[in-house]
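J.: Give me a model of this one.
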Amino acid sequence: MAISKETVEYVAHLARMELEPKELEKLSHQLKEILDFIDQLKNEDVSNIKPTSHILPISNILRQDLPRPSLAARQALENAPQKEGNFFVVPKVIE
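T.: Got it, this is the predicted structure:
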């Protein structure tokens, strides 16, 4: 599949990228090779291949979720620069 320099230039413009002529030439060539490879894949028979979401078997390793005591409010606020009651005081960010 051919991709023109104009198309690459247009996409670069949309991406707000400035490409030098040498970079434009190189990127156009690389994209052409990628698209040619994808065209080769279209010609392969994949009817006997099961769909996968990942090429390697994956399993989550989860620890047991056990309840445990948390910090008391006094301990959590111990090093706070500003506090009010059982709460942290932070600067207002909404104008």
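
J.: switch to C-alpha atoms for all contacts and neighbour counts from now on
T.: Will do.

J.: what secondary structure does E44 sit in?
T.: Under the three-state scheme (DSSP: H, G, I helix; E, B strand; the rest coil), E44 adopts coil.

J.: oh, I was asking about L35
T.: At L35 the chain is in helix, as set by three-state DSSP.

J.: now I38
T.: Three-state call for I38 (three-state DSSP): helix.

J.: Can you read off the pLDDT for it?
T.: I38 is assigned 90 on the pLDDT scale.

J.: same deal with the one 10 residues further on?
T.: We have a pLDDT of 86 for N48.

J.: what number of residues lie near H29?
T.: 15 (other Cα atoms under 10 Å).

J.: Tell me if I am right that it is in a helix.
T.: Yes: secondary structure of H29 (three-state DSSP): part of a helix.

J.: Just the pLDDT at it, thanks.
T.: H29 is given a pLDDT of 92.

J.: And it, how far from I3?
T.: Distance, H29 to I3, using Cα to Cα, to the nearest Å: 8 Å.

J.: Can you get me a residue count around E9?
T.: 19.

J.: ranges for the helices of the chain?
T.: 5-14, 21-42, 73-76 (DSSP state H).

J.: Reformat those helices as CSV; add distance to T52.
T.: Listed next are those as CSV, based on distance: least, Cα to Cα, whole Å:
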stretch, distance to T52
helix 5-14, 31
helix 21-42, 16
helix 73-76, 46
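
J.: right, and these - which one's nearest R63?
T.: helix 73-76 (25.3 Å; Cα to Cα).

J.: Contacts for the closest one, please.
T.: Contact with helix 73-76 is made by N86, as judged by Cα atoms under 8 Å, 6 or more residues apart in numbering.

J.: Determine the number of other residues adjacent to I3.
T.: Residue neighbour count, defined by other Cα under 10 Å, stands at 14 for I3.
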